[in-house]
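>>> Have a look at this fold, sequence not included:
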């Protein structure tokens, strides 16, 4: 059975994910360190983990597997989930797979090195907008359908 796991701390598409999960009748698990209201939707459960570095990530990575879908912006978590056989999608709709996760990890590490070498380097991308939400909705619908079919 497919489960949709959401790395819910700072996830901008929780409501959109819930709409898609409800339409496809897929259980959804929001995992966070707290501060999120539980949903009244019977398909949505909330797991609050202990505070700490990567505790929510570990909870998700330990439970996801083939047939599951994970929504996260966290590249190391995405890598663990892909290796566990889950399908991974970012809030902007980008799907992470075995074919592209290595490149994303390398880019993440490179940017981390650049930031540590130059404390004045101002990173950051463009603001999250309506186009990102629309791309996410389309991609999540497609990925969940694929996951349910096997």
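Here it is on my side, so go on. None of the values given here were measured: they were computed from a predicted structure.

>>> Please make it C-alpha for all contacts and neighbour counts, starting now.
OK.

>>> what about the chain, any weak spots by pLDDT?
By pLDDT under 70, the low-scoring segments of the chain are 108-115, 118-125.

>>> In it, what residue spans correspond to helices?
14-24, 55-63, 75-83, 101-117, 130-149 (DSSP state H).

>>> May I see those organised as a markdown table, with mean neighbour count and distance to residue 42 added?
As requested, the helices of the chain are exported to a markdown table (neighbours: other Cα atoms under 10 Å; distance: least, Cα to Cα, whole Å):
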| stretch | mean neighbour count | distance to residue 42 |
| --- | --- | --- |
| helix 14-24 | 16 | 9 |
| helix 55-63 | 18 | 20 |
| helix 75-83 | 21 | 25 |
| helix 101-117 | 13 | 33 |
| helix 130-149 | 16 | 18 |
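
>>> Pipe those into JSON lines and attach distance to residue 7 per row.
Below are the helices of the chain laid out as JSON lines (distance: least, Cα to Cα, whole Å):
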{"stretch": "helix 14-24", "distance to residue 7": "9"}
{"stretch": "helix 55-63", "distance to residue 7": "7"}
{"stretch": "helix 75-83", "distance to residue 7": "9"}
{"stretch": "helix 101-117", "distance to residue 7": "17"}
{"stretch": "helix 130-149", "distance to residue 7": "14"}
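
>>> so which of those gets nearest residue 69?
Proximity to residue 69 (Cα to Cα) singles out helix 130-149 among those, at 6.8 Å.
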